[in-house]
Every structure is written in structure tokens, then in C-alpha cells.
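Engineer: What follows is a predicted protein model with its sequence.
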Amino acid sequence: VSASGGGGAVKVLPHRQHRSTSISKTVAVTGGCASTRLCAPTLAPEHAAGQTAGAGARCALKAPQLYSLAQAFRHVPDPRARDGRPYPLWAILTVLALGLLLGRVHLSEIFRDGQRLSQFQRQRIGFRQRRGSRFVPTPCYNVYRTVLCRLDLNALAQVLTDWLSAHRGHLPATLAYDGKTIRDRLGLIVTLLDVEEGVPLAVAAEPRGKGHEMTCARQLLHSVPLENVTVIADSLHTNAENAHTIVSEKGGDYIAALKDNQPILHALAPQRLDGTHPPFVHCEPASGFVHERAARVVSIEPDAAAYPHAAQLVSLQRQRTHKRSGATQNGTRYFVTSRRPSESGPTRLAEQIRGYWGVENKVHWRRGLQGGEDQCRLRDAHSACALALLRTALLALARYRGYDCLKAAQEEYAHRPQRALSCIRFQRLTRKE
């Protein structure tokens, strides 16, 4: 469209034709400048019919949120040589994710799902036609096994972390992280979970196993932004280096469990907290028991605690009573946090600490039992870690698709592979209500 000033004319060009070749329609604009008419907030009644509904509306999502899981796979570096890439890496990873979303446990089952794909589906995934033919082949079993053994776990984890954390904004949040060893000590996966949303935000893998959880967790903390968030971890990660990283370098806060690995704090917490009166007691029935929880909080100086950025000591006392027999079980746990009393009170701290168990219930348990991680027959630690990273990403994908857990999505897609493939290729990081 071109406009002329001073009561000129507006020239509308046909689609896909150069303006110098032909002009199909000329609309005369009278009574003012044509550019003024076109730039007006509302068009005149005689011109309103040419306005498209919703024209000019901008998407509320950011650019990283528009990428699907299949598009994220394109950023994973290919470990194979250039002359050894008959099948694109992102297509192989898409088939692996498709098989896991369909509920497959073993690599042989995923391979057979790839063989059942139609020619149209193979082209959509990214596989190429055979030279001199219109047939689109799929990889054999050894291709999947070789790719999983040679895949760069750090690069795959970083790509999935960027994709998972793309939807998180700058509002205050509570994050919890913990590690889980894959069955038979084949490797270790550390997951960072959004407690309120119940979805993983970052992952890291370590094929050497449980003894390297602390190193893997520190790499995970350095790979994600932690401004304006509260990070919760168990006693294994309660050390001065992690506290300094979270508060001083990343701008967040921490809640750390206390045990014998911090002897000064572990001895100081009962002295300061056991004699105080709890501000509130919470009771709830659950599975034939009555749980009674009491939270106590006291302020403390970092110098007295001999722990960086320590602001409060927290104790959570739980009493579980059996409804029929009346037998009781008591337990007390102690924590240290950098949150000030004006920022988090006893009620909020108790909720955040209890939300830490979401890592076990919503990630580790679902990935191990519902996702089939504990039943997989793979004996290579590198391959087992790669599949565990994919299962973690699928947990978030199923959650944003509207399913409560991965098992519900697997039951839905078990006999509908086309819908599962569309979910991987087109589902964005927006929640489906």
C-alpha cells in the first residue's frame, strides 16, 4: 500500500506482484491526507470492512517461550562426525522423547515405535528421503544406542534448562533442588523444582554417581538466575560455599537443613528454639493419622552462627498420632535461613520447607516409577542419564499440557502417537487450562 499526501490516492497492490507491474485497485481518499486516514485509531465506517479482526495484536509470550521441545533439540550439538550423520540429531531426540511420552520403558520399544511412523510423520520429524527415492528411512537400534552413549550430557542439560526456565518470570518464587541416583548407581540427576508450580526448571546430570552430587548441584546453581527467589536444599548442601553463591553471587535467599555436618549451628539451634513458644500449631488428618506441626523461629546474627548470611533459625516439630491406637511419633528438624523476619514469618517458612518434598513426590518418584526409569534395562550410565534428562523435560511438558502427572499423559497418548508427536513439536511453555 502506498499513500500520497494532500488528498491523493491509496494504491492497493495484488498479492505477490511487484508494484511496478500492475495495480489492481485504486481507492480515492478525499477530505484529508491519506496517511492521516490510515494512521487514525479507528477507520471510517466506509473503510472499516477492510480491517482484519485482531490486526496489530502482539503476542504476550516472549521469544524463548515460543519454542517447542522439538525446536529446543536443534540446539544440542551433534557428537558424531560430519560424514556419519545420515539422520539428524534433533530427529533422533524427538523419536526418543516420543517413545518416552508414549509410555515406553526400554530402548528396543522406542526403536519399534520409530519404525511404525508413517512416511509423512518421518518427514515432519526431520528425517530425509533416501537418495534417488521417495522413501524416508528411520534409524536402526544401534544408531539410538550410539547417540545416547556419545551425547554431551552437559550440553543437553543446558539446552533443556534454558527451555524449562524460559517461562519463569521475575516474581518471588520458592525453588528446591535435590539429586537422585538412577537405579543400580548408573548415574545421578539433580533437579531444580518450582515448588508453587510443581514443574522442574533446571536439570543437571552426572554419570559418575552419588558421590558427585554436591559438585553437580553447584554447577546447576551457577547455570540458572536466582534473583528474588528462595532456594531450599537438604543437609548435604548446607555449606558456606553454596550459601555464598546463592546470596552474594546470585541475589537469592536460602533455607538449609541442619545436621551434624554443621556442628555449631546444630548445637545452637536447640538452645535458642526449644524453650520458645510456637506462634501457631497446624493439625490435619491424613491416612489414618493426625499430624500436628509446630514452627518456631528466632533471629540470629551471622557471626554468632558462624554461617554466612544467616538471619533466622527455624525448628519444625511434628507429632503423628494414630487414630485407633493412639500411638504417637515425634520428630524435630532444624533449619537456617537468610530470610529476615520482616520478609518471612513462621507460617511462610513452614510452607516453604514442606514444599521441598515436592522434588521427591513430583519429580523423583514420578520419573522413577511412572516414567519407567527404574525398569529400564540400559546398563550404560551415559545413556541412562540422557534418558533421565528427557524424562524430566517431559514431566514439565505434560504439566503444561494440562495433565497432573506424566502417567496420565502416557495413558492418553499410548494409542495416539500423532497427538503425542504434535505435543512435542508444537506445545509451547504455556499452561493449558
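Structural biologist: Received the coordinates, thanks.

Engineer: pretty sure residue 125 is touching residue 91, no?
Structural biologist: Yes: Residue 125 is within contact range of residue 91, at 4.8 Å (criterion: CB atoms under 8 Å). All C-beta atoms are positioned from the backbone trio N, CA, C, and that covers glycine.

Engineer: What does residue 41 show for phi and psi?
Structural biologist: Main-chain dihedrals, residue 41, degrees, to the nearest 10: phi -60, psi -40.

Engineer: Give me the neighbour count for it.
Structural biologist: Neighbour count of residue 41, defined by other CB atoms under 10 Å: 4.

Engineer: Residue 408 now?
Structural biologist: Neighbours of residue 408 using other CB under 10 Å come to 14.

Engineer: before we move on, what about residue 47?
Structural biologist: Neighbour tally, residue 47, other CB under 10 Å: 15.

Engineer: And residue 241, by the same measure?
Structural biologist: The tally of other residues near residue 241 (other CB under 10 Å) stands at 12.

Engineer: That one: what's it in contact with?
Structural biologist: Counting by CB atoms under 8 Å, 6 or more residues apart in numbering, residue 241 touches residue 218.

Engineer: pLDDT weak spots in the stretch 51-200 of the chain?
Structural biologist: Counting by pLDDT under 70, the stretch 51-200 of the chain has low-confidence residues at 51-66, 167, 169-172.

Engineer: which residue ranges form the helices in it?
Structural biologist: 69-73, 89-101, 107-115, 119-125, 141-150, 153-164 (DSSP state H, counting those that start in this stretch).

Engineer: Determine which of the ones you listed approaches residue 275 most closely.
Structural biologist: Closest to residue 275 of these is helix 153-164 (CB to CB; 44.2 Å).

Engineer: Check which residues of that closest one are buried.
Structural biologist: Residues of helix 153-164 classed as buried by neighbour count (16 or more other CB atoms under 10 Å): 153, 156, 157, 158, 159, 160, 161, 162, 163, 164.

Engineer: same check, this time on stretch 370-380
Structural biologist: 370, 371, 372, 373, 376, 378.

Engineer: Switch those residues over to a markdown table, and while doing so, append secondary structure and distance to residue 118 to every line.
Structural biologist: Listed next are these as a markdown table, based on DSSP: H, G, I helix; E, B strand; the rest coil; distance: CB to CB, whole Å:
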| residue | secondary structure | distance to residue 118 |
| --- | --- | --- |
| 370 | helix | 28 |
| 371 | coil | 26 |
| 372 | coil | 25 |
| 373 | coil | 29 |
| 376 | coil | 27 |
| 378 | coil | 28 |
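
Engineer: of those, closest to residue 214?
Structural biologist: Nearest member of those to residue 214, counting by CB to CB, is residue 373, at 22.1 Å.

Engineer: Residue 367 is in contact with that closest one, correct?
Structural biologist: Yes: Residue 373 is within contact range of residue 367, at 5.3 Å (criterion: CB under 8 Å).

Engineer: Any chance you could list residues touching both of the two?
Structural biologist: Common neighbours of residue 373 and residue 367 (CB under 8 Å, 6+ apart) are 388, 391.

Engineer: Just put the buried residues of stretch 370-380 in CSV and tack on distance to residue 134 and pLDDT.
Structural biologist: As requested, the buried residues of stretch 370-380 are exported to CSV (distance: CB to CB, whole Å; pLDDT from 0 to 100):
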residue, distance to residue 134, pLDDT
370, 40, 81
371, 37, 84
372, 36, 84
373, 39, 88
376, 36, 87
378, 35, 87
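
Engineer: Tell me the one among the buried residues of helix 153-164 nearest to residue 308.
Structural biologist: Nearest to residue 308 out of the buried residues of helix 153-164 is residue 161 (CB to CB; 26.1 Å).

Engineer: Now that closest one: closest residue in space, sequence neighbours ignored.
Structural biologist: residue 202 (4.2 Å; CB to CB, 6 or more residues apart in numbering).
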